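A.B. asks: Just to be clear, the model below is a prediction. Sequence and coordinates:
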Amino acid sequence: MAFTRKAQTYSSSINEVTIGTGEKAVTIGGSNVMPLYSFDAPLKNKVAVGAEITDSGVDTTLPGIASYYEGAQTIGEIAARAAQMPGADFVALALNGADPNGDNRPVDECVEIAKQVADAIDVPLVVTGARNVEKDTELFSKIAEALQGRNVLFVSAKEENYKTVAASAIMAYGNKISAESAVDINLAKQLNVLLSQMGINPESYVMNVGSAAAGYGYDYVASTLDRVKDAALAQNDAMLQMPIITPVSQETWAVKESIVSEEDYPEWGTREARGVDMEVCTAAAVIAGGSDAVILRHPESVATISRMIADLM
Amino acid sequence: MYTLTFKIEGRPHDIKCQVEAGENVLRAAERMGIEMDAPCAGNGTCGKCRIRLISGALEMPQNPRLPYADYEEMWRLACQSTVVGDAVVWVPASASAFKQDIATADLSTPEELARYESAIEAIFSTGLSKTPFTEGCGIAVDIGTTTVTAALLDLATGKVLSKASRGNGQIRFGADVINRIIQQMRPGGKERLQRAVREETIIPIMESLFRDSGKTSADISRIVIAGNTTMEHLFIGADGDSIRLEPYVPAFLELTGIDAEKAGLPAPPDSPVIFAPNVGSYVGGDITAGVLDTLMWDSDLMTLFIDLGTNGELVLGNREYMLTCACSAGPAFEGGDISCGMRATTGAIDSVRIDEETLEPQYTLIAGEKPAGLCGSGLIDIISELFRTGAVNSKGKFVRESRRIRYDEFGGNYIVAFADESATGSDIELNEGDLDNFIRAKAAIFSAIRTMLGSLAMTPDDIDRVIIAGGIGSGIDIEKAISIGMLPLLPLDRYSYIGNSSLTGACAMLLSDEATDKVFEIGRNMTYIELSTEPGYMDEFLAACFLPHTDHRLFEKPEEG
């Protein structure tokens, strides 16, 4: 008997969430098949790739990054350059300098930086915070107010501050948020339920189910992504049908392979090549697992991953 | 060296002791034989060891269990305070609450006595026969982790001549079995723990049984003891350490050949002392004796038996087979680990209703005029009501404003009764830490039920009946327990409450050798599941740590019609 291929499509689908405004607005999610299974049904939207910049300027220790941003002086110029990065669909502003345990940049300055970035680009803007719950709550609220109507995505609200962040970013100023949980399907779902209990529209937020650099406990991430997608599609669990964004660069540029110098580990090759490898393989893994958007730092990673996405669509 | 002076409420003389700088006040009190409740074993998490600094100084870090206003009024937690100089402290009588005889829900009312009598009758209508004693009396003892209850029976007639109960004297060494075992393994611990349950608890209970019945120790020809595995180990002085450590195998399951002399109990030396058999480290004689009472061993109905005491134990099965497991629910159902929690006794709020608009509560008390705290059923009610009215979200965090809700740096607090309405003279309030503890406790129960059902490829609907026993009391509102995701969504008529099944089972063992043999048979035939090594359990537990559950479909009532 001849083999007849059966398309594995589901009656449920991932929610669609749009960030940004105008022609270059980006919509993610929407598919009703397993991640990248374009042979089962056309994928509704392409996985989006974001180019990450930080409030502390260009990392000139990496030649590839330094040369890409060469000549860009102000944060606006850096942002404009990032927006044009080949393969990038959006710009992600990481406010690392706002961390109270680091430079502790005041909220007003961060708001000013975010405004300059937003004014310099026509692609959507994603703002990732200082990874400090109290500071992020204030940052997100103030920036959401300053960028009202720009449909900015704030990454991420957590269980500790989701109420305030959702109330200001989404309800008051019409922006979007992502809901972050620590690599556990139950915690991810619980936060989504809490947001829905507040009356937040499911099209107003995405999930960040947590990540790890490849080789650093990534198996937990893989199984969490698998279970989330299975629950969303096969079990039609509406509280897990939010698209997923993964800030890959924050994980991969913090691990040993991306940090130690070539002098100390000559057999490992250049630091930059290692960092790009870590970023690319982690991003490829989370996309295969079901991430609908990734944030990357290096232009070469952005180019590689966007080519992979295009080839697999 | 400094001098620490204890002024103890109700005692004419002060107790002075010499202490080193840096010495812990609770340890100093223990050294001087001053009895203070420390259900958390001095970890600073229960807030029960309150003392008041009268003069001098003590050092104590801020603690969420001691509100700042109380700290200002010189209240301290003994377990968190260290000596920095001479000091005089006042110890309130409430610091040793376990000493007071407490009213328990065992055989103290005509209804309970009637339930007991019909249970005994039912046990002996299954084909088991009573041993034909012609004279003498026997005592059945249920050693609970929190409460010890006993009854004195006329063996010939089977009549209950007297009953008594009191808090387990070991409670000052920790509320839960793990802390007790840790205390037992300290130098001299074995004797201390044994003395606390025998000399300070069971023997006084027996004396009051003798007093009330007019009998004496010479009349006692048979004693039955049912306790959880740890309680039986601590009573007899066996090492409890192997219960606590992997692979969790107790020193014994069945303890036989003990007489009153070996057990150190006031009865003729050769009177047998029979221990209900244990099944595993965390399913003990209280459950095997309890199963006898449920009659599930004589029925085709698929029965889920839940003992909600200081820990939750579950048995699932029927005459064909039985599975059992224990879940670390902790003492929340008896009011432990909850700042305003208390046992089901005078002053305990046992049911609550909260107005949706104003969030004002209406409550009933078990007895007494003014509320002193909440017992297990009151806690289930209040959490169900706070959730229903939207005062707390599914994570158990406060999200509404009202004059009843006060926020501080540790989160929200719900004031059940203001100071002027309460028996204690201070606000009775439930904080987010309490909600957390209770949600974890209910999650432990529900995830254990799910795991056990899952191991048999069953769903809750396969359960024909659920029998609930234990210290939570008959006041438990099943519908509300379901609404918070503690018990599975089943028709309410499948649920029933049977009181202290362990004591009833022990009484039946007292009256009959056949019943005793049956309990041993039940113990040997049960399959014990160790949840801590069950791969899916942690996932089930996390999913259940939500109101009512992360998978809300488990608690959606099917459409009518």
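C.D. replies: On my side now, so go ahead.

A.B. asks: Could you point out which residue ranges in the chain have low pLDDT?
C.D. replies: Using chain A here. Applying pLDDT under 70 to chain A flags no residue at all.

A.B. asks: Wait, chain B was what I had in mind.
C.D. replies: B:33, B:39, B:94-106, B:108, B:473, B:559-561.

A.B. asks: Can you name the residues of it sitting close to chain A?
C.D. replies: B:393, B:394, B:395, B:399, B:539, B:542, B:543, B:545, B:546, B:550, B:552 (CB under 8 Å from any CB of the partner chain). All C-beta atoms are positioned from the backbone trio N, CA, C, and that covers glycine.

A.B. asks: Which residue ranges of chain A form strands?
C.D. replies: A:16-19, A:26-29, A:48-54, A:90-94, A:125-128, A:153-157, A:176-180, A:205-208, A:245-246, A:293-296 (DSSP state E).

A.B. asks: so which of those comes closest to residue B:461?
C.D. replies: Closest approach to residue B:461 among these is made by strand A:205-208 (32.3 Å; CB to CB).

A.B. asks: other SSEs contacting the closest one?
C.D. replies: Applying 3 or more CB pairs under 8 Å, 6 or more residues apart in numbering or on different chains; DSSP states H and E, we find strand A:205-208 packed against strand A:153-157, strand A:176-180, helix A:185-197, strand A:245-246.

A.B. asks: ok now that strand, how far from the chain's centre?
C.D. replies: 9 Å (CA atoms, centre = their mean, to the nearest Å).

A.B. asks: do the same with stretch B:481-498
C.D. replies: With CA atoms, centre = their mean, you get 20 Å for stretch B:481-498.

A.B. asks: Stretch A:79-93 now?
C.D. replies: With CA atoms, centre = their mean, you get 13 Å for stretch A:79-93.

A.B. asks: hang on, the earlier thing: is it possible to get JSON lines of the strands of chain A that adds mean neighbour count?
C.D. replies: As requested, the strands of chain A are exported to JSON lines (neighbours: other CB atoms under 10 Å in any protein chain shown):
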{"stretch": "strand A:16-19", "mean neighbour count": "20"}
{"stretch": "strand A:26-29", "mean neighbour count": "22"}
{"stretch": "strand A:48-54", "mean neighbour count": "26"}
{"stretch": "strand A:90-94", "mean neighbour count": "27"}
{"stretch": "strand A:125-128", "mean neighbour count": "26"}
{"stretch": "strand A:153-157", "mean neighbour count": "27"}
{"stretch": "strand A:176-180", "mean neighbour count": "25"}
{"stretch": "strand A:205-208", "mean neighbour count": "26"}
{"stretch": "strand A:245-246", "mean neighbour count": "30"}
{"stretch": "strand A:293-296", "mean neighbour count": "30"}
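
A.B. asks: Closest residue of the stretch 51-200 of chain B to chain A?
C.D. replies: At 16.4 Å from chain A, residue B:64 is the closest residue in the stretch 51-200 of chain B, using CB to the nearest CB.

A.B. asks: Tell me which stretches of the stretch 151-300 of chain B form helices.
C.D. replies: Along the stretch 151-300 of chain B, counting by DSSP state H, counting those that start in this stretch, helices occupy B:177-184, B:189-197, B:203-213, B:229-236, B:241-244, B:260-263, B:285-294.

A.B. asks: Most neighbours of all the residues of chain B next to chain A, which one?
C.D. replies: residue B:550 (26 neighbours; other CB atoms under 10 Å in any protein chain shown).

A.B. asks: what's the helix or strand for the closest residue to that one other than its chain neighbours?
C.D. replies: Among residues not flanking residue B:550 along the chain, residue B:543 sits closest, at 4.2 Å (CB to CB, 6 or more residues apart in numbering or on different chains). Element membership of residue B:543 [criterion: DSSP states H and E] is helix B:537-544.

A.B. asks: ok so, going back, quick one: the strands of chain A as a markdown table, columns for distance to residue B:34 too.
C.D. replies: Shown next, in a markdown table, are those (distance: least, CB to CB, whole Å):
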| stretch | distance to residue B:34 |
| --- | --- |
| strand A:16-19 | 63 |
| strand A:26-29 | 64 |
| strand A:48-54 | 60 |
| strand A:90-94 | 58 |
| strand A:125-128 | 56 |
| strand A:153-157 | 50 |
| strand A:176-180 | 49 |
| strand A:205-208 | 53 |
| strand A:245-246 | 58 |
| strand A:293-296 | 61 |
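
A.B. asks: measure the nearest residue to residue B:332 once chain neighbours are set aside to residue B:37 for me?
C.D. replies: Using CB to CB, 6+ apart and skipping the chain neighbours, the partner closest in space to residue B:332 is residue B:441 (3.9 Å). Residue B:441 sits 20 Å away from residue B:37, taking CB to CB, to the nearest Å as the criterion.

A.B. asks: Tell me which of the two has more neighbours.
C.D. replies: The neighbour comparison of residue B:441 against residue B:37 (other CB under 10 Å) goes to residue B:441, with 26 against 19.

A.B. asks: show me the contacts for the residue in the stretch 101-250 of chain A that chain B sits nearest to.
C.D. replies: In the stretch 101-250 of chain A, no residue comes nearer to chain B than residue A:186, which is 4.4 Å away by CB to the nearest CB. With contact taken as CB atoms under 8 Å, 6 or more residues apart in numbering or on different chains, residue A:186 is in contact with B:539, B:542, B:543, B:545, B:546, B:550.

A.B. asks: biggest separation within those residues, which pair?
C.D. replies: B:539 and B:546, at 12.9 Å, using CB to CB across the contacts of residue A:186.

A.B. asks: Break down the stretch 451-561 of chain B into its strands, ranges please.
C.D. replies: Along the stretch 451-561 of chain B, counting by DSSP state E, counting those that start in this stretch, strands occupy B:465-469, B:495-497, B:526-529.

A.B. asks: Can you lay out these as JSON lines showing distance to residue B:71 and mean neighbour count?
C.D. replies: Converted to JSON lines, the strands of the stretch 451-561 of chain B look like this (distance: least, CB to CB, whole Å; neighbours: other CB atoms under 10 Å in any protein chain shown):
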{"stretch": "strand B:465-469", "distance to residue B:71": "40", "mean neighbour count": "22"}
{"stretch": "strand B:495-497", "distance to residue B:71": "41", "mean neighbour count": "18"}
{"stretch": "strand B:526-529", "distance to residue B:71": "45", "mean neighbour count": "19"}
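
A.B. asks: For residue A:274, which of those is the nearest?
C.D. replies: strand B:526-529 (47.3 Å).

A.B. asks: Mind giving me the packing neighbours of the closest one?
C.D. replies: strand B:322-327, helix B:432-455.

A.B. asks: Give me the buried stretch members for the longest one, please.
C.D. replies: By that I understand helix B:432-455. By 16 or more other CB atoms under 10 Å in any protein chain shown, the buried positions in helix B:432-455 come out as B:432-453.

A.B. asks: Check stretch A:122-137 too.
C.D. replies: A:123-132, A:135-137.

A.B. asks: And for the closest residue to residue A:287 other than its chain neighbours, the neighbour number?
C.D. replies: Once flanking residues are discounted, residue A:287 sits nearest to residue A:47: 5.4 Å by CB to CB, 6+ apart. For residue A:47, the neighbour count with other CB under 10 Å is 28.

A.B. asks: If anything else comes up later, I'll come back, but that's it for now.
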